[in-house]
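S.K.: I'd like to go over a predicted model; first the sequence, then the structure.
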Amino acid sequence: QVQLVESGGGLVQAGGSLRLSCAASGRTASSAAMAWLRQAPGKERELVAAISWSGRRTYITESVKGRFTISRDNAKNTVYLQMNSLLPEDTAVYYCAADPTYDSERVAIVGFDYWGQGTQVTVSS
């Protein structure tokens, strides 16, 4: 089992920055591929960024490339999403997700086993 708790969401003006954190706990928390997904009102949930267990491999969706960065600190079992140059269209509930794996270089983009409760990010124009 893995428990995920997100934090760092809030209200920010367009052009501003936020850093989301996802603290993982549980037996397999330290060996999981992790990701951030988001869901805006009336839209489907979409993958934003993903990172391998080792932290050496990442995936960033095209719409946020150059603005968002995913990273992790395995000593703290925490994954981060640094969001810069935020746009109103980034407004959504952001979810952290985990996929325990034996492959330290695997980047998971679907099929997550564990989810956090979500944190709201609102970008005003």
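M.R.: In hand now; what should we look at? Residues are numbered from 1 along each chain as shown.
S.K.: For the residue sitting nearest the centre point of the chain, what is the enclosing helix or strand?
M.R.: Nearest to the geometric centre of the chain sits W36, at 2.3 Å (C-alpha atoms, centre = their mean). In the assignment (DSSP states H and E), W36 maps to strand 32-39.
S.K.: Show me what that strand is packed against.
M.R.: Here strand 32-39 touches strand 18-25, strand 46-51, strand 68-73, strand 78-83, strand 92-100, going by 3 or more C-beta pairs under 8 Å, 6 or more residues apart in numbering; DSSP states H and E. (C-beta placed from N, C-alpha, C; glycine too.)
S.K.: So which of those is nearest Y59?
M.R.: Between Y59 and the helices and strands packed on strand 32-39, the tightest spacing by C-beta to C-beta is seen for strand 46-51, at 4.4 Å.
S.K.: Skip ahead from the closest one and say which helix or strand is next.
M.R.: Scanning onward from strand 46-51 (DSSP H and E), the first element met is strand 58-60.
S.K.: And for that following strand, what's in contact with it?
M.R.: L47, V48, A49, A50, I51, S52, F68, T69, I70, V107, I109 (C-beta atoms under 8 Å, 6 or more residues apart in numbering).
S.K.: swap in stretch 103-114?
M.R.: Counting by C-beta under 8 Å, 6+ apart, 1-4, 31-35, 47, 50-54, 56-59, 97-101 sit against stretch 103-114.
S.K.: try 6 Å this time
M.R.: Outside stretch 103-114, the residues that touch it by C-beta atoms under 6 Å, 6 or more residues apart in numbering are 2, 4, 33, 47, 50, 52-54, 57, 59, 97-99.
S.K.: Filter those residues down to the buried ones.
M.R.: By neighbour count, with 16 or more other C-beta atoms under 10 Å, the contacts of stretch 103-114 hold V2, L4, A33, L47, A50, S52, W53, A97, A98, D99 as buried.
S.K.: Can I get the residues you listed in JSON lines including pLDDT?
M.R.: What follows is the buried ones among the contacts of stretch 103-114, written out as JSON lines (pLDDT from 0 to 100):
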{"residue": "V2", "pLDDT": "89"}
{"residue": "L4", "pLDDT": "96"}
{"residue": "A33", "pLDDT": "95"}
{"residue": "L47", "pLDDT": "98"}
{"residue": "A50", "pLDDT": "98"}
{"residue": "S52", "pLDDT": "96"}
{"residue": "W53", "pLDDT": "93"}
{"residue": "A97", "pLDDT": "97"}
{"residue": "A98", "pLDDT": "95"}
{"residue": "D99", "pLDDT": "93"}
